[in-house]
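coordinates only, sequence not included:
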């Protein structure tokens, strides 16, 4: 089954802690189908959002261990936007930048199996990711 690694920009949502620079998630057909099903549930039930347990690898380094993350979630909106979030043990919140299921599918369709895709071609994010991956 085809899969790619997608790298999303990430940050500390409340600005009170040093957050991650990126979130890396394995994207395959099952992931895309899951997000689309959650979008449909939101629409069918008039939900403003749905949250399910899911987590990316936060980086660089072992930031997830340093923050002692405890509540990994995938947040999905009825319009197709989604992002990842988590809560460090000592308070605060981290998030990935939001993306859209249609653009994620487009990136997936145009990539080859095993590719690493930096979402939105963000050159700064690519440099941070490559530096972290080289260690």
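Here it is on my side, so go on. All values reported here derive from a predicted model rather than from experimental measurement.

Which helix or strand contains residue 7?
Applying DSSP states H and E as the criterion places residue 7 in strand 3-12.

Which neighbours in the sheet does that strand have, and how are they oriented?
With DSSP bridges as the test, strand 3-12 is paired with strand 22-28 (antiparallel), strand 94-96 (antiparallel), strand 116-118 (parallel).

Now do the same for it: mean pLDDT, whole number.
Computed over strand 3-12, the mean pLDDT rounds to 95.

repeat for stretch 89-106
Rounded mean pLDDT across stretch 89-106 is 92.

and what of stretch 18-26?
The average pLDDT for stretch 18-26 rounds to 92.

tell me which residues in that stretch are buried?
19-25 (16 or more other Cβ atoms under 10 Å). C-beta coordinates here come from the backbone N, C-alpha and C atoms, glycine included.

Tell me where this structure has helices.
Ranges of helices within the chain are 29-45, 63-67, 101-110, 123-133, based on DSSP state H.

Nearest to residue 4 among these would be which one?
helix 101-110 (6.0 Å; Cβ to Cβ).
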